[in-house]
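Student: fold the stuff below for me.
(one chain, ligands or ions: 2)
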Amino acid sequence: MAENKAEKTSSTRGSTVKLYPLANPKGTYIYCDVCGLPAWMRCKGCKIAAYCNREHQQLDWVGIHRYLCKSLIYLYNPPTRSIRKLQQQALERSIFNTKLDLINMCLLHGHRHLFEGNYKLIIPPALQCLRLYKMLYKAEGVEWLPAYLLLAECLLGLGKTNEAANYLSLINWFETKNKVTGIKCNHMVKRTMAKLSMVRENYLQALDELAEDIYLASEKYGTLDIQTSGGYFNMANVYFFLGREEVTNSLYKKVIDIWCNHLQSLVNQKMKTSTPDIALPIKEEEYEALNEADSAEATMYFESIGGWWESTGEGQSYYSGKLAYCKSMHLFVLSKLREAYASAKKTAMFLKSIPDCEALLVRAEDLVESCEKKVYF
Ligand SMILES: [Zn+2]
Ligand SMILES: [Zn+2]
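Tutor: Ligands and ions are numbered 1, 2, ... in the order given. Below is the predicted model of the structure:
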């Protein structure tokens, strides 16, 4: 609760200093980081980000700026005193790595906003990403694709279909021109294209694009990797629109299988950390946790699939039990141990009321026990 409160105040903070465009040297213009219009205020923290109004400052702050305000100071004002060549090289390397880290951070929060359905909040991280690409790579290239893809998703979410289509054709042109294959976002391009086809009610085309998405993701990450789950989820939605509810249902089950598998492996790793009765515990920092975008993705799938199963009378089936177990594991992986404990106990009770859930029940009871140990020892 206290944490929520802190989150809330920090999310609306971010003070500014006034900027007088007319006082700039002739020909020097400063533009808003969000919309590109002349800026009238700067972020007080870094004095780098500039805005045309309070609303854009707030959007940027909540969207991304609060995560990188301090890092920008370092990036734009590296130490200027004269240093030896070796130190100079080390500094350049460190600045380069900071830029890469910030790009990854922008993409992570952009995807988190996407899965949380906050489409407008995607704009700041995507634009910040483009500014960082510009500093790193000079010319536009394939490295820029993830940010353009985010912008296309954002526009689709905001209902600006034609603008999204423009971005997607730009991305396609980039891909064909550079003959890029095997990069992380290849399958994501297909997925975003499928979403556009869905909006345009070209369902059969959407199915083709999603089949390609799943194929490319499986080839790169393996068939059971969470990277493939989005393809199945969207495919389920297309079949729903085509009135094929039984196919929708089986694809949703596939999504839950994939996430159950993934969360179980994270749970197994975490159970080994700092458990008193294990001789050589893995240190907490070696444990590969779920990132914020993955976590938002999981929540989105669990809520929409769970809601659909409730409404179609599947609320008492084996898969509803599996979904409940997934939710408990998700809390455990996020180290929300008290919530995980309550949830796992409830899941175990629920599983007892459903036939054929013995194996799941054993795992849920293990989770209850592990939560107890971590919370009370
Ligand atoms: Zn603006
Ligand atoms: Zn700032």
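Student: contacting residues around the closest residue to Tyr67 other than its chain neighbours?
Tutor: Of all residues not flanking Tyr67 in the chain, Met105 sits nearest, at 5.9 Å (C-beta to C-beta, 6 or more residues apart in numbering). Backbone N, C-alpha and C define where each C-beta goes, glycine included. Contacts of Met105 were listed using C-beta atoms under 8 Å, 6 or more residues apart in numbering, and they are Ile64, Tyr67, Leu68.
Student: quick one: the last one from ligand 2, how far?
Tutor: Looking back up the chat, that one is Leu68. Leu68 sits at a distance of 8 Å from ligand 2 (criterion: C-beta to the ion, to the nearest Å).
Student: the residue nearest to Tyr67 and ligand 1, how far apart?
Tutor: Met105 is 22 Å from ligand 1, by C-beta to the ion.
Student: repeat that for Ser229.
Tutor: From Ser229 to ligand 1 the distance is 36 Å (C-beta to the ion).
Student: isn't that residue up against Asp257?
Tutor: No: the criterion here is C-beta atoms under 8 Å, and Ser229 misses it with Asp257 at 9.1 Å.
Student: what parts of this structure come near ligand 2?
Tutor: Listed as neighbours of ligand 2 in the chain under the rule C-beta under 5 Å from the ion: Cys43, Gly45, Cys46, Ala49, Cys69.
Student: any idea how far Leu365 lies from ligand 2?
Tutor: Actually, residue 365 is Glu. It isn't Leu. Applying C-beta to the ion to Glu365 and ligand 2 gives a distance of 48 Å.
Student: again, but for Tyr239
Tutor: Going from Tyr239 to ligand 2 by C-beta to the ion gives 46 Å.
Student: test my guess that that residue contacts Tyr252.
Tutor: No: using C-beta under 8 Å, Tyr239 is not in contact with Tyr252, being 9.8 Å away.
Student: those two - which one has more neighbours?
Tutor: Tyr252 (26 against 20; other C-beta atoms under 10 Å).
Student: next, the buried residues of the host helix or strand of that one.
Tutor: Here Tyr252 sits within helix 245-272, counting by DSSP states H and E. Across helix 245-272, burial judged by 16 or more other C-beta atoms under 10 Å covers 248-249, 251-260, 262-264, 266-267, 270-271.
Student: what about it, distance to the chain center?
Tutor: Once both centres are worked out by C-alpha atoms, centre = their mean, to the nearest Å, helix 245-272 turns out to sit 18 Å from its chain's centre.
Student: 13 is where my numbering starts, stick with that
Tutor: Okay, using 13 as the starting number, the last item reads as helix 257-284.
Student: now for that helix, which elements pack on it?
Tutor: Packing partners of helix 257-284 (3 or more C-beta pairs under 8 Å, 6 or more residues apart in numbering; DSSP states H and E): helix 241-253, helix 304-323, helix 330-345, helix 370-388.
Student: and the ones you listed: which comes nearest Cys166?
Tutor: With C-beta to C-beta as the measure, helix 304-323 is the member of the helices and strands packed on helix 257-284 nearest Cys166 (14.5 Å).
Student: give me the angle between the closest one and helix 257-284.
Tutor: If you take axes from the mean of the first three to the mean of the last three C-alpha atoms, to 10 degrees, helix 304-323 sits at 130 degrees to helix 257-284.
Student: what is helix 304-323 packed up against?
Tutor: helix 97-127, helix 241-253, helix 257-284, helix 330-345.
Student: format those as JSON lines; extra columns: mean pLDDT.
Tutor: Output for these, formatted as JSON lines (pLDDT from 0 to 100):
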{"stretch": "helix 97-127", "mean pLDDT": "91"}
{"stretch": "helix 241-253", "mean pLDDT": "97"}
{"stretch": "helix 257-284", "mean pLDDT": "94"}
{"stretch": "helix 330-345", "mean pLDDT": "96"}
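Student: any chance of those in TSV with distance to Thr204 as columns?
Tutor: Formatted as TSV, the helices and strands packed on helix 304-323 follow (distance: least, C-beta to C-beta, whole Å):
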stretch	distance to Thr204
helix 97-127	10
helix 241-253	10
helix 257-284	18
helix 330-345	25
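Student: before we move on, the earlier item: for Asn184, find the nearest of the helices and strands packed on helix 257-284.
Tutor: Asn184 lies closest to helix 241-253 among these, at 18.3 Å (C-beta to C-beta).
Student: tell me what the closest one is packed against?
Tutor: Helices and strands touching helix 241-253, by 3+ C-beta pairs under 8 Å, 6+ apart, are helix 198-211, helix 215-233, helix 257-284, helix 304-323.
Student: what are the buried residues along it?
Tutor: For helix 241-253, the neighbour count (16+ other C-beta under 10 Å) marks Ser241, Gly242, Gly243, Tyr244, Phe245, Asn246, Met247, Ala248, Asn249, Val250, Tyr251, Phe252 as buried.
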